[in-house]
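Participant: Let me see the structure of the following:
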Amino acid sequence: MRMAVMIGGLVGIAATAHAALDWKQLPTLPDREGFAGSYAGVTGGALLVAGGANFPGKPPWEGGTKVWYDRAFVLESNATAWREGGKLPAAGGYGVSVQLEEGVLLIGGGDAKRNFSEVWLARWDGSEAKFTAWPSLPRPLAMAAGVRVGRTVFVAGGLDRPDATQAQKIFLSLDLDTVKAGWRELAPWPGPERMLATAGAHDGSFFLFSGARLVADAQGKVTREWLRDAYRYTPGAGWKPVADLPRVAVAAPSPAPSVGGKLLVIGGDDGGQASVAPTEHKGFPRDVLAYDPVANAWSRAGEVPFSLVTTTLALWREKIVIPGGEQRPGVRSPAVWAAEMK
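Facilitator: Residues are numbered from 1 along each chain as shown. Coordinates of the predicted model:
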């Protein structure tokens, strides 16, 4: 992994900062614990959040069991509360959610026993979420990163099974004008394989930020290698490395929204507390990293009032929305945060 130069205590970061977004809470998800790894997007004018996992009994460090959900919740325009919106074809989470005009594309994911290759289009008809099968991935993938660029959906990295000891170095595309042709496997980025990266789309290009690699330590135990490298893929031109992130940002809300010509990586796990006991964990970083694709430079864009990772980011009613997520290891949040896109 390339190393950035330390300048004034900030790693490879531009000096110019940007005004912070004004975050406010939307109605809370109707679950006491909240979820990590939910699918999310907009369909029929409503915000849809489905699936995910939590520990409803005891926390994991007390022997609690992780439970996966198939419930879908919908928040309609100007509603003051979420409503039940049907059920996923199977309980699961940690897939990729991609916004289309037709609905929300739910790509891969998994549960405790297997990761999924299935892809579903979710559509809200005003009374229930309906799910239509789309072409499956060529292999199961959870904890991947993906986003739509023009008329193409791209998916990168992830894990092919829950007990994987190595992340995938795979890059896939789906042409929305020839959906029946299925997914194509493209040449991957020039860096290490990874999971829990953040995807972004800007000016016809796909961006891949940070993530984690799985490696074995001296005792043979699988552990994470924290990555802060970044790459840009432009159809017809291929991949090229771009500036490293100022810090690691694993499992940041994805995809990164484009605001004012910059892609925002919001929070994410920097690995700084990886060895801290869960009960002592102070939450994940709250600073926002802004990437300028023209200058190929990073700056800081304020902070957010929450600590949420392993969650999907959606754009709804001209707002950036982050519906729940993991606020510290093993602990979820039902809070839903939104900021006007200014």
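Participant: Quick one: low-confidence residue ranges for the chain.
Facilitator: 1-19 (pLDDT under 70).
Participant: redo that, cut-off 80
Facilitator: For the chain, the stretches with pLDDT under 80 are 1-20, 342.
Participant: center of it - which residue?
Facilitator: What sits nearest the mean C-alpha location of the chain, by CA atoms, centre = their mean, is S254, with 3.1 Å.
Participant: I figured that one hits A145, correct?
Facilitator: Yes: contact criterion CB atoms under 8 Å: S254 and A145 qualify, at 5.5 Å. From N, CA and C alone the C-beta is placed, and that goes for glycine too.
Participant: Return every residue with contacts to both of these two.
Facilitator: Overlap of the contact sets of S254 and A145 (by CB atoms under 8 Å, 6 or more residues apart in numbering) consists of V96, A197, T198, A199.
Participant: Make JSON lines from the residues you listed and add distance to W134 to it.
Facilitator: Listed next are those as JSON lines, based on distance: CB to CB, whole Å:
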{"residue": "V96", "distance to W134": "12"}
{"residue": "A197", "distance to W134": "22"}
{"residue": "T198", "distance to W134": "23"}
{"residue": "A199", "distance to W134": "18"}
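Participant: quick one: the helices in the protein?
Facilitator: Counting by DSSP state H, one finds no helices in the chain.
Participant: if I look at the nearest residue in space to T223 that is not next to it in sequence, how far off is R151?
Facilitator: Sequence neighbours aside, D217 is the residue nearest to T223 in space, at 4.9 Å (criterion: CB to CB, 6 or more residues apart in numbering). As for D217, its distance to R151 is 43 Å (criterion: CB to CB, to the nearest Å).
Participant: Which of these two has more residues huddled nearby?
Facilitator: R151 (11 against 8; other CB atoms under 10 Å).
Participant: Touching, that one and D177? I think so.
Facilitator: Yes: with contact defined as CB under 8 Å, R151 reaches D177; the gap is 5.6 Å.
Participant: Next, show the common contact partners of the two.
Facilitator: By CB under 8 Å, 6+ apart, no residue touches both R151 and D177.
Participant: Which of the shared contacts of S254 and A145 ranks first by neighbour count?
Facilitator: Within the shared contacts of S254 and A145, neighbour counts (other CB under 10 Å) peak at A197, which reaches 30 neighbours.
Participant: circling back to that earlier point, OK, contacts around the residue nearest to the centre of the chain?
Facilitator: V96, A145, G146, V147, A197, T198, A199, T312, L313.
Participant: ok, the fifth one touching G211?
Facilitator: By that I understand A197. Yes: if you go by CB under 8 Å, A197 and G211 touch, sitting 3.1 Å apart.
Participant: Report the set of residues contacting both of those two.
Facilitator: A145, G157, L227, V250.
Participant: For the last one, give the beta-bridge partners.
Facilitator: So that's V250. On the basis of DSSP bridges, V250 is bridged to D269.
Participant: What is the neighbour count of it?
Facilitator: Around V250 there are 26 residues (other CB under 10 Å).
Participant: State the distance from it to R228.
Facilitator: Counting by CB to CB - V250 and R228 are separated by 9 Å.
Participant: anything in contact with each of those two?
Facilitator: Looking at what touches both V250 and R228 (by CB under 8 Å, 6+ apart), the common residues are S210.
Participant: is it true that I320 touches K24?
Facilitator: No: applying CB under 8 Å as the test, I320 and K24 come out as separate, 11.1 Å apart.
Participant: Comparing those two, which residue is more hemmed in?
Facilitator: Counted by other CB under 10 Å, I320 and K24 do not tie: I320 has more neighbours, with 20 against 11.
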